[in-house]
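In: Make a model of this:
(one chain, ligands or ions: 1)
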Amino acid sequence: MSSRHDVPSVTLPGGGQMPQVGFGTWKLRNDEARDAVLAALDVGCRHFDTATMYANEAEIGEALENSGIDRAGLFLTTKIRPSDGAKAGAILRQSLRALRTDYLDLWLVHWPPTHKAESRQLWNELLELQAAGHVRDVGVSNYSLSELDDLTRSSGQTPAVNQIDWGPSLYDAGVLAGHAERGIAVEGYSGLKNTNLDDPVLAKIAAAHGVTPAQVVLRWHLDHNITVIPKSASPERIAANFDLLGFTLTPDEMTSIDGAAGR
Ligand SMILES: NC(=O)c1ccc[n+]([C@@H]2O[C@H](COP(=O)([O-])OP(=O)(O)OC[C@H]3O[C@@H](n4cnc5c(N)ncnc54)[C@H](OP(=O)(O)O)[C@@H]3O)[C@@H](O)[C@H]2O)c1
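Out: Here you go, the predicted model:
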């Protein structure tokens, strides 16, 4: 079993260390959300991903506070909907209150606003709120490389992170290289959901390492330097999804999983 001390992390420009294995919470509500967060903490996970849109920040905050784990040892991400852009300060205060903390490790724009001008305006609001000290790092989600460049040009500050839909079936070396050139950390979401876990290529690789196809998919992200945030409501799967550090994939295995984009 991996320990939280072994999990690799990415150093973000604001100084935060983002653990590359986190826990996604979309669709987890009420007791299921509280229990899942506690199960994830129990296996050593310290990075939690939520969003105002998930309507579960309060349950997550409650579980984290009740766990008694020191806030400094946690990495908390939430996201603002572009439609809330006009009241970003109030939304941030609401997220902080719900998560029972006085700062976020990472705050993301959940998806790009329709118009460039709105996108730039919201990004500048995030930067101002970051400067005020309640957010360590700011980033975005679901942005293309040209949308990222537009924010950088308009503000002089590049998003720390882009959280994007990812998985072997969406693999695109050009997208990864583009983020690396810009110094933007990639977080992949829905990597399990986007994958046929019965794929014989994955099954063969999983058998060779004595792990599950889901663990192979998550490890494939890490070996591409992509942070993962798998969601599960099952304690067994939560434990398995965090247990990724006892094996690595060979270059040939990586290439054959990358090839799933064309299968
Ligand atoms: N920024 C965005 O726009 C955006 C969009 C989507 C997601 N996200 C974030 O990314 C997180 C992850 O994405 P996701 O929740 O869409 O998908 P995911 O983590 O790829 O997959 C979750 C699904 O896979 C199942 N599962 C989990 N572990 C498994 C395993 N080891 N073997 C087989 N099945 C497994 C889960 O079922 P059980 O619960 O029954 O285990 C659930 O149905 C979200 O929770 C959210 O935090 C962000």
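
In: Please, where are all the helices along the stretch 1-150 of the chain?
Out: 30-42, 57-67, 88-99, 116-131, 145-155 (DSSP state H, counting those that start in this stretch).

In: Please apply the same query to the stretch 151-263 of the chain.
Out: Listed in chain order, the helices of the stretch 151-263 of the chain (DSSP H, counting those that start in this stretch) span 173-182, 200-209, 213-223, 235-242, 251-258.

In: winner for burial among those?
Out: Greatest average neighbour count among the helices of the stretch 151-263 of the chain goes to helix 213-223 (a mean of 23), per mean count of other CB atoms under 10 Å. C-beta coordinates here come from the backbone N, C-alpha and C atoms, glycine included.

In: name the helices or strands packed onto that helix?
Out: Using 3 or more CB pairs under 8 Å, 6 or more residues apart in numbering; DSSP states H and E, the elements in contact with helix 213-223 are helix 200-209, strand 227-228, helix 235-242, helix 251-258.

In: mean confidence for the last one?
Out: Across helix 251-258, the average pLDDT comes to 97.

In: What residues does this protein have near the ligand?
Out: 24-26, 49, 110, 141-142, 163, 189-193, 197, 214, 229-234, 237, 240-241 (CB under 6 Å from any ligand atom).

In: Apply 5 Å and report the result again.
Out: 24, 26, 49, 141, 163, 189-193, 214, 229-234, 237 (CB under 5 Å from any ligand atom).

In: Among those, name the ones in strands.
Out: Gly24, Asp49, Ser141, Gln163, Tyr189 (DSSP state E).

In: Quick check: which ranges of this protein have low pLDDT?
Out: 1-5, 261-263 (pLDDT under 70).

In: residue in it nearest to the ligand?
Out: Gly24 (2.4 Å; CB to the nearest ligand atom).

In: Look at the residue lying closest to that residue once chain neighbours are set aside and say how many residues are nearby.
Out: Spatial nearest neighbour of Gly24, excluding adjacent residues (CB to CB, 6 or more residues apart in numbering): Lys231 at 3.6 Å. For Lys231, the neighbour count with other CB atoms under 10 Å is 21.

In: same check, this time on Val10
Out: Neighbour count of Val10, defined by other CB under 10 Å: 17.

In: quick one on the thing from earlier: the residue nearest to Gly24 contacts Glu32, doesn't it?
Out: No. Lys231 lies out of contact with Glu32 (CB atoms under 8 Å); the separation is 10.9 Å.

In: Contacts only, for the closest residue to Ala260 other than its chain neighbours.
Out: In this structure, Ala260 finds its nearest non-sequential neighbour in Pro168, 3.6 Å apart by CB to CB, 6+ apart. Residues counted as contacts of Pro168 (CB atoms under 8 Å, 6 or more residues apart in numbering) are Asn194, Thr195, Leu202, Val217, Trp220, Ile257, Asp258, Ala260, Ala261.

In: let's see it at 10 Å
Out: Counting by CB atoms under 10 Å, 6 or more residues apart in numbering, Pro168 makes contact with 191, 194-196, 199, 201-202, 216-217, 220-221, 256-261, 263.

In: No further queries at this time; thank you.
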